[in-house]
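Peer 1: coords please:
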Amino acid sequence: MKKETMRSVSRLQPLLALSLLAVAGTASAQTTFDVIGPREYELPVGFEPFNVFVQYATYQDNARMFDADGDRVDGSGSKALTGLSKYVRFWTPESNKNIGVAWEVIVPEVAIRNTSAAAGDRHISGIGDPLTGFAIWYKPSERATLGFQSFVQIPTGTERVSDTNWKNLSSFFWDWRMGEKFGWTGDAGFVWQSRRDNGIQPGLSLHTNNRFAYRATQRLEPFVALDAEHTEANDGLPSGWALDGGAGLMIHTFDNQSITLRYSTSLDGKNHSVNDSLNLKYAYVW
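Peer 2: Residues are numbered from 1 along each chain as shown. I've put the predicted structure just below:
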């Protein structure tokens, strides 16, 4: 890769991040795509092809949940350690150097511990349903990026970890560099799900994720996070929603690597798990 191109992509985070999978619809507290970090969608055009590998890790405490009145009540009490391993290939079409394209594959890893459950349910682990899909974007100005992404989640994960249904996750995304220090990265979209093996089809979910960051030094970029989603009622499942807030730090370790740390918690919600998670992301560009 050319030196100037490598400089442009060294700050890149993986193009897409996904919410942690529910274990048969019971374990997830995170909102869709809440694993994104600052500069997630700060993407170039007119570049040489390159690759990104990302490993996400999240520790979630499911001690509390929102009930139908929006009150915080006792949750399952389980602890979830979840990972996402992602590979992305980026390129610019020869026919149009003013746009960028990416294709990616994501493999989730799930481990749930619940000491209060029956003996057979105290530890559930395995490989979650894999995802694959594309993204396309352009730059309306030197400091802005606008794009669209769409992914399919395939129900082939480990038994008791798989959600047993197909999903489509589609969203618009953006990045705006506001001067030399400030940046706003975000997305807004939906998740459609087919019917599960138990006969239930979850309702359509809408979500948005936003990261507001300040480049304090060459290496350190603190940020605040704001995530929200709403799921429609369907097949006897009630509607639910959550508003999450968080704070984190992106560490620009090397020209082609970075580590992002974040704590996230739910601010308000209804019929939804309370997010109480520690999140880590490692990204490597080559």
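Peer 1: Three-state assignment for the closest residue in space to residue 98 that isn't next to it in sequence, please.
Peer 2: Ranked by CB to CB, 6 or more residues apart in numbering and with sequence neighbours excluded, the top spatial neighbour of residue 98 is residue 45, at 5.6 Å. Any C-beta I mention is one placed from the backbone N, CA and C, and that applies to glycine too. What DSSP: H, G, I helix; E, B strand; the rest coil gives for residue 45 is coil.
Peer 1: measure residue 45 to residue 90 for me?
Peer 2: Using CB to CB, to the nearest Å, residue 45 is found at 10 Å from residue 90.
Peer 1: overlap in contacts of these two?
Peer 2: Counting by CB atoms under 8 Å, 6 or more residues apart in numbering, the shared contacts of residue 45 and residue 90 are residue 100.
Peer 1: more crowded one of those two?
Peer 2: residue 90 (23 against 16; other CB atoms under 10 Å).
Peer 1: Got the confidence number for that one?
Peer 2: Per-residue pLDDT puts residue 90 at 98.
Peer 1: what do you get for residue 216?
Peer 2: Per-residue confidence at residue 216 stands at 98 (pLDDT).
Peer 1: and it, how many residues sit next to it?
Peer 2: Around residue 216 there are 11 other residues, counting by other CB under 10 Å.
Peer 1: Can you say which helix or strand has the closest residue to it other than its chain neighbours in it?
Peer 2: Nearest in space to residue 216, with sequence neighbours left out and distances taken as CB to CB, 6+ apart, is residue 222 at 6.1 Å. Per DSSP states H and E, residue 222 falls inside strand 220-231.
Peer 1: Other residues contacting that strand?
Peer 2: Against strand 220-231 from outside (CB under 8 Å, 6+ apart): 30-34, 37-39, 202-216, 239-252, 262, 264, 272.
Peer 1: what number of residues lie near the residue nearest to residue 216?
Peer 2: The local packing count at residue 222 equals 14, with neighbours defined by other CB under 10 Å.
Peer 1: cool, residue 95 as well?
Peer 2: Residue 95: 6 surrounding residues under other CB under 10 Å.
Peer 1: cool, and residue 233?
Peer 2: Number of residues near residue 233 (other CB under 10 Å) recorded here: 12.
Peer 1: Which of the contacts of strand 220-231 fall within strands?
Peer 2: Among these, the members found in strands (DSSP state E) are 205-214, 240-252, 262, 264, 272.
Peer 1: Poorly predicted segments of the stretch 51-200 of the chain, please.
Peer 2: Within the stretch 51-200 of the chain, the stretches with pLDDT under 70 are 117-120.
Peer 1: which stretches of it form strands?
Peer 2: 64-66, 72-74, 79-91, 99-113, 123-127, 131-141, 144-153, 167-178, 182-193 (DSSP state E, counting those that start in this stretch).
Peer 1: Just checking: what are the partner strands of the longest one?
Peer 2: In this case it means strand 99-113. strand 79-91 (antiparallel), strand 123-127 (antiparallel), strand 131-141 (antiparallel) (DSSP bridges).
Peer 1: Extract the C-alpha trace of it and format it as CSV.
Peer 2: Written as CSV, here are the backbone C-alpha positions of strand 99-113 (Å, rounded to 0.1, in the frame of the first residue of the first chain):
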residue,chain,number,x,y,z
ILE,A,99,-16.8,6.0,-4.0
GLY,A,100,-15.5,3.3,-1.6
VAL,A,101,-16.8,-0.3,-1.1
ALA,A,102,-16.3,-2.9,1.6
TRP,A,103,-17.3,-6.5,2.3
GLU,A,104,-17.0,-8.1,5.7
VAL,A,105,-17.5,-11.3,7.6
ILE,A,106,-18.2,-11.4,11.4
VAL,A,107,-18.1,-14.4,13.7
PRO,A,108,-19.6,-13.9,17.2
GLU,A,109,-18.4,-15.8,20.3
VAL,A,110,-20.7,-16.1,23.3
ALA,A,111,-20.2,-17.2,26.9
ILE,A,112,-23.0,-16.8,29.6
ARG,A,113,-22.7,-17.7,33.3
